[in-house]
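> Structure of the sequence below:
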Amino acid sequence: MVILESRVASAWVDYNGHMNDAEYARVFSLAVEALMEHIGLDTPGRAHFGYTIYTLETHLCYRREAHEGQPLSVALTLLDRDTKRLHVFFKLHDEAGNLLATSEQMLMGIDSNTGRPAPFPAPIEDAIAALPQAEPSVWPELANRTIAIRR
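Numbering: from 1, shown residues only. Below you'll find the model as predicted:
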């Protein structure tokens, strides 16, 4: 499911002539915002439910360069969820479908009034249930990676 479409802004290009590593994180952050809008946590939804989502952890893998003006799309797969958390996997592609980067993230539902974790409101939970979910036996190859020097 494509959750976000964008382009590489000129301000995102660094001294190497391609999208700076920090800007990949920006694109994935925008994808989280698009996910929030998709499940009903846009500005009015956040106000209505007194609820938001925070990012707890992210793991970003760079695969290919992106260049100024290049069209981008971000696809979403839900890896797991419980009453308060979403384990999501994003894939960033270029216009030819080449994989540019991935971002695996743990997101937490937060009661905006207390600033504490809280279960998803029922309508939000229903929208989450409709997201494309990976089968446990067929997770994306780049999910669940760890950082290590392999010896």
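> make it CA atoms for all contacts and neighbour counts henceforth
Noted.
> for the protein, what spans make up the strands?
2-7, 51-62, 71-81, 85-94, 99-111, 116-117 (DSSP state E).
> and those as JSON lines, adding mean pLDDT?
Formatted as JSON lines, those follow (pLDDT from 0 to 100):
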{"stretch": "strand 2-7", "mean pLDDT": "97"}
{"stretch": "strand 51-62", "mean pLDDT": "96"}
{"stretch": "strand 71-81", "mean pLDDT": "96"}
{"stretch": "strand 85-94", "mean pLDDT": "97"}
{"stretch": "strand 99-111", "mean pLDDT": "97"}
{"stretch": "strand 116-117", "mean pLDDT": "98"}
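> how about those in a markdown table, adding mean neighbour count?
Output for the strands of the chain, formatted as a markdown table (neighbours: other C-alpha atoms under 10 Å):
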| stretch | mean neighbour count |
| --- | --- |
| strand 2-7 | 17 |
| strand 51-62 | 16 |
| strand 71-81 | 20 |
| strand 85-94 | 22 |
| strand 99-111 | 21 |
| strand 116-117 | 14 |
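> between these, which gets nearest to Asp126?
Of all the strands of the chain, strand 71-81 sits nearest to Asp126, with 12.3 Å by C-alpha to C-alpha.
> And that closest one, how far out from the chain middle?
6 Å (C-alpha atoms, centre = their mean, to the nearest Å).
> All good on my end, thank you.
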